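Visitor: here is the input, now give the coordinates:
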Amino acid sequence: MQQLADELRRGDSEWRTSTLAKYEALNALVTLRRKGLLGASEAGAALSRITEFCAQAELGSAPAAVLEAAHAMTISGCDAHYVVLARALQCPLVTEDAGLRKAARDVARSIAEAVAALRG
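Guide: Okay, the predicted model is just below:
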């Protein structure tokens with residue numbers, strides 16, 4: 001999976017994300033720390049990279065559009081935020097969340113699908 005993610009980053013350098021991304025990543029870091037799978041210095045370094053990335057890549061979306069999308073697709077407001085953003089930017093939403101890919105087939109792609117599209 002990491003190799004595919006690296007290839008995707010090399011092939012498509014223009015990445016955007018939701019304003020929620022840094023908080024979702026922070027929750028993942030907290031969970032990894034609690035489980036003893038990540039040390040304090042590793043978590044701090046990861047948080048620095050995440051903060052730096054989000055500072056240049058994050059965008060918001062209209063709350064009313066998010067509310068409507070969440071209702072229409074029966075997904076969380078957080079997931080709908082990503083979908084609305086991808087649709088507004090007319091770009092793929094790269095996610096490993098199979099349920100979200102199913103709900104948002106028009107924009108959601110797995111990492112493998114996104115890499116395959118880059119390869120042509």
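Visitor: can you give me the helices in the chain?
Guide: Using DSSP state H, the helices assigned to the chain run over residues 2-11, 21-34, 40-57, 63-73, 77-89, 98-103, 111-119.
Visitor: who does the first one touch, helix- and strand-wise?
Guide: Using 3 or more CB pairs under 8 Å, 6 or more residues apart in numbering; DSSP states H and E as the contact criterion, the elements in contact with helix 2-11 are helix 111-119. For glycine as for every other residue, the C-beta is placed from the backbone atoms N, C-alpha and C.
Visitor: next one: the second one
Guide: Packed against helix 21-34, as judged by 3+ CB pairs under 8 Å, 6+ apart, are the following elements: helix 40-57.
Visitor: check which residues of the helix it packs on are buried.
Guide: Neighbour-count burial for helix 40-57 flags Ala43, Ala46, Ile50, Cys54 (criterion: 16 or more other CB atoms under 10 Å).
Visitor: who's in contact with the third one?
Guide: Spelled out, that is Ile50. Ala21, Lys22, Ala25, Leu26, Leu29 (CB atoms under 8 Å, 6 or more residues apart in numbering).
Visitor: cool, and the first one?
Guide: Residues near Ala43 by CB under 8 Å, 6+ apart: Leu29, Leu32, Arg33.
Visitor: isn't Ala88 right up against Gly60?
Guide: No. Ala88 is beyond contact range of Gly60, at 10.0 Å (criterion: CB atoms under 8 Å).
Visitor: give me the domain ranges for this structure.
Guide: 1-13+60-120, 20-59 (automatic domain parsing).
Visitor: turn those into a markdown table, including mean pLDDT.
Guide: Shown next, in a markdown table, are the domains of the chain (pLDDT from 0 to 100):
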| stretch | mean pLDDT |
| --- | --- |
| domain 1-13+60-120 | 93 |
| domain 20-59 | 94 |
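Visitor: with that, I have no additional questions.
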